[in-house]
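A.B. asks: when you get a sec, could you give me coordinates for this:
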Amino acid sequence: MTDDLLSLLPKVDFTRRGFVATTLISGFTMAAGPVMAQTAIHTDSTGLTAGPVRIPVGIPTADGALHAYRAMPQGNGPFPTILVVQEIFGVHEYIQDICRRFAKLGYLAVAPDLYQRQGDMTKITDVQGAIAIAGKVPDAQVMSDLDDTAAWCRTNGGDPARLGITGFCWGGRITWLYAAHNPSLKAAVAWYGRILGQQSELTPKNPIDLASAVKAPVLGLYGAADQGISVDSVHQMEAALRNAGKEAEFLIYDGAPHAFFADYRPSYRKEAAEDGWKQAIAWFKRHGLG
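C.D. replies: Numbers count the residues shown, from 1 in each chain. Below you'll find the predicted structure:
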């Protein structure tokens with residue numbers, strides 16, 4: 001792929017564009033349903049280095065690398081680094097835009113395609129298909145891929161002493177797991193990540209099972225009207241972390257459903273989303289990622 005074509009990837013159009021030489025979705029995923037073009041936020045790439053990258057990983061992939069979207073300020077850095085963990089719909093335009101939002105604030109932000117070995121999200125057209133792929137992804141593989149992504153960042157503009165993570169929906173749960181996994185992590189922000197759920201061979205632990213192992217300060221952002229994550233479970237996690245002596249804060253937004261930050265979907269709640277973003281950035285800065 002030429003550099004000219006790569007330069008086109010960060011630009012949004014509100015069509016359903018397809019596969020572009022990686023497993024990253026170009027445009028918005030069809031699996032999430034109709035795009036709310038009037039609320040979908042577009043962050044341009046002016047002043048940024050942004051686009052697909054390939055990350056060497058310890059667990060083999062079909063073509064030898066993990067595909068990811070990277071955005072950072074132009075220049076050599078080192079920049080504070082944020083690992084951006086996809087929602088259940090993969091690394092499509094919404095997740096890529098979040099990377100650019102972080103980059104505009106001075107961060108290196110990278111979103112690896114954590115479903116790459118289990119399925120091609122560019123070909124998935126409904127929620128059930130996305131759930132089926134997500135259900136095949138082992139937690140251990142995800143932790144390894146995030147470790148490899150963090151290692152790649154260290155030699156590609158990132159500051160190894162300033163590493164953070166944030167994730168949404170499926171990625172919110174992963175954020176909790178990674179906060180218990182990586183001792184080098186400085187801070188984490190989990191957006192409506194599941195705390196309790198059915199365990200399996202691939203997903204042997206719930207975040208609440210790992211509360212005592214959490215190694216970094218975590219901010220949890222949740223919606224009071226989330227039909228899949230009860231407020232009671234959020235309070236249980238809060239108590240478990242407090243009892244374990246961990247630093248964590250929770251914000252529960254009245255009337256906000258699941259995916260209230262997803263500006264391209266009907267679930268978007270502007271007031272909660274804007275406050276959550278402000279709180280997330282403040283959390284990272286408070287813990288040395290400014």
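
A.B. asks: report pLDDT for residue 275.
C.D. replies: Residue 275 is assigned 98 on the pLDDT scale.

A.B. asks: which stretches of the protein have low pLDDT?
C.D. replies: 1-22 (pLDDT under 70).

A.B. asks: hey, where'd the helices end up in it?
C.D. replies: Secondary structure of the chain (DSSP state H): helices located at 3-6, 93-104, 127-134, 139-154, 170-181, 231-243, 270-286.

A.B. asks: nearest to residue 41, out of those helices?
C.D. replies: Proximity to residue 41 (Cβ to Cβ) singles out helix 93-104 among these, at 6.2 Å. Heads up, the C-betas are built off the backbone N, CA and C, glycines and all.

A.B. asks: residues of that closest one that come out buried?
C.D. replies: 93-104 (16 or more other Cβ atoms under 10 Å).

A.B. asks: what packs against it?
C.D. replies: The contact analysis (3 or more Cβ pairs under 8 Å, 6 or more residues apart in numbering; DSSP states H and E) places helix 93-104 against strand 48-55, strand 66-73, strand 79-85, strand 108-112.

A.B. asks: re earlier: so which of the helices of the chain is the most packed in?
C.D. replies: helix 170-181 (a mean of 26; mean count of other Cβ atoms under 10 Å).

A.B. asks: counting contacts, what elements does that helix pack onto?
C.D. replies: Using 3+ Cβ pairs under 8 Å, 6+ apart, helix 170-181 sits against strand 79-85, helix 139-154, strand 158-168, strand 187-191, strand 218-223.

A.B. asks: so what strands line up beside the last one?
C.D. replies: To tie it back to what came earlier, the one meant is strand 218-223. Its sheet considered, strand 218-223 pairs with strand 187-191 (parallel), strand 248-253 (parallel) by DSSP bridges.

A.B. asks: can you list those in CSV and add mean neighbour count?
C.D. replies: Output for these, formatted as CSV (neighbours: other Cβ atoms under 10 Å):
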stretch, mean neighbour count
strand 187-191, 29
strand 248-253, 18
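
A.B. asks: dump the ones you listed to TSV, plus distance to residue 71.
C.D. replies: Shown next, in TSV, are the strands paired with strand 218-223 (distance: least, Cβ to Cβ, whole Å):
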stretch	distance to residue 71
strand 187-191	17
strand 248-253	26
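
A.B. asks: list the contacts for residue 100?
C.D. replies: 10, 43-45, 48, 50, 71, 109 (Cβ atoms under 8 Å, 6 or more residues apart in numbering).

A.B. asks: turn the helices of the chain into TSV, columns for distance to residue 198.
C.D. replies: Converted to TSV, the helices of the chain look like this (distance: least, Cβ to Cβ, whole Å):
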stretch	distance to residue 198
helix 3-6	40
helix 93-104	25
helix 127-134	13
helix 139-154	13
helix 170-181	12
helix 231-243	13
helix 270-286	27
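
A.B. asks: looking at those, spot the one closest to residue 219.
C.D. replies: The nearest among the helices of the chain, by Cβ to Cβ, is helix 270-286 at 4.4 Å.

A.B. asks: which strands or helices does that closest one pack on?
C.D. replies: strand 187-191, strand 218-223, strand 248-253.

A.B. asks: for it, which outside residues touch it?
C.D. replies: 39, 80, 82, 101, 105, 164, 166, 187, 189, 191, 217, 219, 221, 223, 249, 251, 253, 255-256, 260-261, 263, 290.
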